[in-house]
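**Student:** After the sequence you'll find the predicted model.
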Amino acid sequence: MRAEISEAGKKLATGIEMMGAGAVLLLVALFVLVQALVIALAELVGPGWASLIVGGLLAAVGIVLILRGRKDLSASSLMPERTLEQTSRDVRLAKEQI
């Protein structure tokens, strides 16, 4: 049993390491693709403007994602409303039974 648990732990650690390495490589690839977009856009509007346009667009998308995520994490959105309603109904029913 210990050997199986140890082996499963090693597989888990290896899987996490591989996912981490993959995430790092994807992040580097994203940086390269963004730079390629800046270079391509620089052909049309110049390097300074291209960097400003791409940076502004990425910042706008980032702000929208942060605001939406913050809204989704607000206390009111995390409140289990259906569970609370059902629990209060159960309490009322129990009081009626007594």
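**Tutor:** Looks like it arrived, so ask away.
**Student:** and stretch 51-61, which residues are buried?
**Tutor:** Of all the residues in stretch 51-61, those buried under the rule 16 or more other C-beta atoms under 10 Å are 51, 53-54. (Each C-beta comes from the backbone N, C-alpha and C, glycine too.)
**Student:** Contacts for it, please.
**Tutor:** 34, 37-38, 41-42, 45 (C-beta atoms under 8 Å, 6 or more residues apart in numbering).
**Student:** Relative to the whole chain's centre, how far out is it?
**Tutor:** 20 Å (C-alpha atoms, centre = their mean, to the nearest Å).
**Student:** Please apply the same query to stretch 31-38.
**Tutor:** For stretch 31-38, the distance to the chain centre is 22 Å (C-alpha atoms, centre = their mean).
**Student:** Quick check: buried residues in that stretch?
**Tutor:** Buried residues in stretch 31-38 (16+ other C-beta under 10 Å): Val38.
**Student:** for the chain, what are the low-confidence residue spans?
**Tutor:** 75-79 (pLDDT under 70).
**Student:** center of it, which residue is that?
**Tutor:** In the chain, the centroid-proximal residue (C-alpha atoms, centre = their mean) is Gly69; its distance is 8.4 Å.
**Student:** Now do it against Leu27, distance only.
**Tutor:** Shown here: Gly69 relative to Leu27, a distance of 19 Å by C-beta to C-beta, to the nearest Å.
**Student:** Could you give the number of residues near Glu85?
**Tutor:** Applying the criterion other C-beta atoms under 10 Å, we find 10 residues in the vicinity of Glu85.
**Student:** Stretch 38-58 spans what distance, first to last residue?
**Tutor:** In stretch 38-58, first residue to last residue: 12 Å (C-alpha to C-alpha, to the nearest Å).
**Student:** could you point out which element follows the helix ranked longest in the chain?
**Tutor:** When the chain is parsed with DSSP state H, its longest helix is helix 2-45. Where DSSP states H and E defines the elements, the next helix or strand beyond helix 2-45 is helix 47-72.
**Student:** tilt between that next one and helix 2-45?
**Tutor:** With axes from the mean of the first three to the mean of the last three C-alpha atoms, to 10 degrees applied, the angle from helix 47-72 to helix 2-45 works out at 140 degrees.
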